[in-house]
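Engineer: A structural model of the following input is requested.
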Amino acid sequence: MTAGELKTMSAEFIKLDQFLKVTDVARSGGDAKLLIRSGEVSVNGEMELRRGRKLYDNDVVTVADTSFTVHLSAGPSAGLDNH
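Structural biologist: From the prediction side, this is the model:
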């Protein structure tokens, strides 16, 4: 798969529910909440049930069989890798 790019992401962290929306895994905050509460989301290999979980650079978010590596930076070219 090819890597996606987040054009305006320049922060120290992003919350898990926001990350799922930005990556188009969830269509809305409500969808993200349901997906997280269902136990289908893991962060760095551990199931995560908190939608407000702060994600930092190089955290790995997995949903089903798709993993995303979080890339945050101080510039407008911050992005993510989808493997």
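Engineer: Give me the nearest residue to the residue sitting nearest the centre point of the chain, chain neighbours excluded.
Structural biologist: Closest to where the C-alpha atoms of the chain average out (Cα atoms, centre = their mean) is Phe19, at 3.6 Å. Leaving aside its sequence neighbours, Phe19 sits nearest to Leu55 (Cβ to Cβ, 6 or more residues apart in numbering; 5.6 Å). From N, CA and C alone the C-beta is placed, and that goes for glycine too.
Engineer: Which secondary structure element is home to the residue nearest to the centre of the chain?
Structural biologist: Here Phe19 is covered by helix 16-22, with elements defined by DSSP states H and E.
Engineer: next structured bit after that helix?
Structural biologist: Moving toward the C-terminus from helix 16-22, the next element (DSSP H and E) is helix 29-37.
Engineer: Next up, the contacts around the nearest residue to Arg51 once chain neighbours are set aside.
Structural biologist: Leaving aside its sequence neighbours, Arg51 sits nearest to Asp17 (Cβ to Cβ, 6+ apart; 4.0 Å). When contacts are counted by Cβ atoms under 8 Å, 6 or more residues apart in numbering, Asp17 is found next to 26, 29, 32-33, 36, 51-52.
Engineer: I'd like these as a markdown table, with neighbour count and pLDDT appended.
Structural biologist: As requested, these are exported to a markdown table (neighbours: other Cβ atoms under 10 Å; pLDDT from 0 to 100):
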| residue | neighbour count | pLDDT |
| --- | --- | --- |
| Ala26 | 22 | 96 |
| Gly29 | 13 | 93 |
| Ala32 | 21 | 97 |
| Lys33 | 15 | 96 |
| Ile36 | 23 | 97 |
| Arg51 | 20 | 94 |
| Gly52 | 9 | 96 |
